[in-house]
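> no sequence for this one, just the structure:
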């Protein structure tokens, strides 16, 4: 009887054990490392919103959540790191993040905000290096699409960040250029994603929604000479675009996984 029970338990183990338990996939790693780029800009945007007294309660929660998620995902990427080169790039992120974290959660200081923003861009660049290295390591066509769509999330927050800096009149001459370049790159990248020949019907529908909202929002992204800013409108618009692009990035991640399965099955 004991032998029969033992055999039954052994037969059930495959059903109780997850079918996929080997850790983070390359597609997930590109998505998450790409999200780190977005979080760097989201934290800076939230800091500036608090300083400029724009939706302070929302900004403080976003900042707290972003810091926590950045650290959680960094630990996951450390665990994933498939090569020494990628691990070294994560070392660079860690050095910058250790210094930046203390400052980004401090009480906003307008006088030092320009230097903090320079440091923040260095963190963004370091995170971007990680994404590019993982996408290259993946050696798969759709890895680039996960990267680009993930970068759109970052650009939505970079646009909002630069706008908030201009609204708060932070002493940084590069802000207008940074703003316009982020808007242009978002527009160009959205066209690239929409033109991808292997998009699923679901992806095309999701991209159409972003295209429609992006076209509608263009007037709000124009910096007028009259000095009139609409920070609340910009924060809401970019937040909505971020959510849509986050969904699209996940869909490209799933597309990459599906394409890999197809190749493996041949």
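Thanks, I have it. Every value quoted in this text rests on a predicted model; they were computed, and no experiment measured them.
> center of the chain - which residue?
Nearest to the mean C-alpha position of the chain, by Cα atoms, centre = their mean, lies residue 35 at 2.7 Å.
> Let me see the contact set for residue 65.
The contact partners of residue 65, by Cβ atoms under 8 Å, 6 or more residues apart in numbering, come to none. Backbone N, C-alpha and C define where each C-beta goes, glycine included.
> any idea which element it lies in?
When elements are assigned from DSSP states H and E, residue 65 belongs to helix 56-80.
> rewinding a little: and the residue nearest to the centre of the chain, what is it in contact with?
Residue 35 sits next to 69, 73, 150, 153, 246, 249 when contact means Cβ under 8 Å, 6+ apart.
> can you give me how far the helix or strand following the helix holding residue 65 is from the chain middle?
Counting by DSSP H and E, the next helix or strand C-terminal to helix 56-80 is helix 84-104. With Cα atoms, centre = their mean, to the nearest Å as the basis, helix 84-104 stands 16 Å off its chain's centre.
> Could you tell me which residues within helix 84-104 count as buried?
Buried residues in helix 84-104, counted by 16 or more other Cβ atoms under 10 Å: 86, 89, 90, 92, 93, 96, 97, 100, 104.
> Any buried residues in the very next helix or strand once past that helix, and which?
Downstream of helix 84-104, the next assigned helix or strand under DSSP H and E is helix 113-138. For helix 113-138, a neighbour-count test (16+ other Cβ under 10 Å) marks 113, 116-117, 120-121, 123-124, 126-131, 133-135, 137-138 as buried.
> same check, this time on stretch 239-250
Neighbour counts over stretch 239-250 (16+ other Cβ under 10 Å) mark 239, 241, 242, 244, 245, 246, 248, 249, 250 as buried.
> shouldn't residue 135 be in contact with residue 143?
Yes. If you go by Cβ atoms under 8 Å, residue 135 and residue 143 touch, sitting 4.4 Å apart.
> Give the residues shared as contacts by these two.
Common neighbours of residue 135 and residue 143, using Cβ under 8 Å, 6+ apart, are residue 30.
> For the biggest helix by length in the chain, give the mean pLDDT please.
Determined from DSSP state H, the single longest helix within the chain is helix 231-265. Averaged over helix 231-265, pLDDT sits at 92.
> same question, stretch 216-224
Stretch 216-224 shows an average pLDDT of 76 in the prediction.
> quick check, distance from stretch 191-200 to the centre of its chain.
Offset of stretch 191-200 from its chain centre (Cα atoms, centre = their mean): 20 Å.
> Please list the outside residues in contact with it.
The contact list for stretch 191-200, computed with Cβ under 8 Å, 6+ apart, reads 142, 145, 148-149, 152, 204, 207-208, 211, 248, 251, 255, 259.
> can you state the direction angle for the longest helix of the chain and helix 56-80?
If you take axes from the mean of the first three to the mean of the last three Cα atoms, to 10 degrees, helix 231-265 sits at 20 degrees to helix 56-80.
> so what does helix 231-265 touch, helix or strand wise?
On a contact count with 3 or more Cβ pairs under 8 Å, 6 or more residues apart in numbering; DSSP states H and E, helix 231-265 meets helix 26-51, helix 143-167, helix 201-217.
> and the angle for the second one with helix 201-217?
Just to be clear, that refers to helix 143-167. Orientation of helix 143-167 against helix 201-217 (the same axes, to 10 degrees) gives an angle of 20 degrees.
> quick revisit: could you check the angle the longest helix of the chain makes with helix 113-138?
Orientation note: helix 231-265 sits at an angle of 10 degrees relative to helix 113-138 (the same axes, to 10 degrees).
> Spatially nearest residue to residue 52, not counting backbone neighbours?
Excluding the flanking residues, the one nearest residue 52 by Cβ to Cβ, 6 or more residues apart in numbering is residue 168, at 3.8 Å.
> Surely the one you found touches residue 47?
No. With contact defined as Cβ under 8 Å, residue 168 does not reach residue 47; the gap is 10.1 Å.
> Out of the two, name the residue with the larger neighbour count.
More neighbours surround residue 47 than the other of residue 168 and residue 47, with 29 against 20 (other Cβ atoms under 10 Å).
> Against residue 95, how distant is that one?
Noted for residue 47: a distance of 20 Å to residue 95, by Cβ to Cβ, to the nearest Å.
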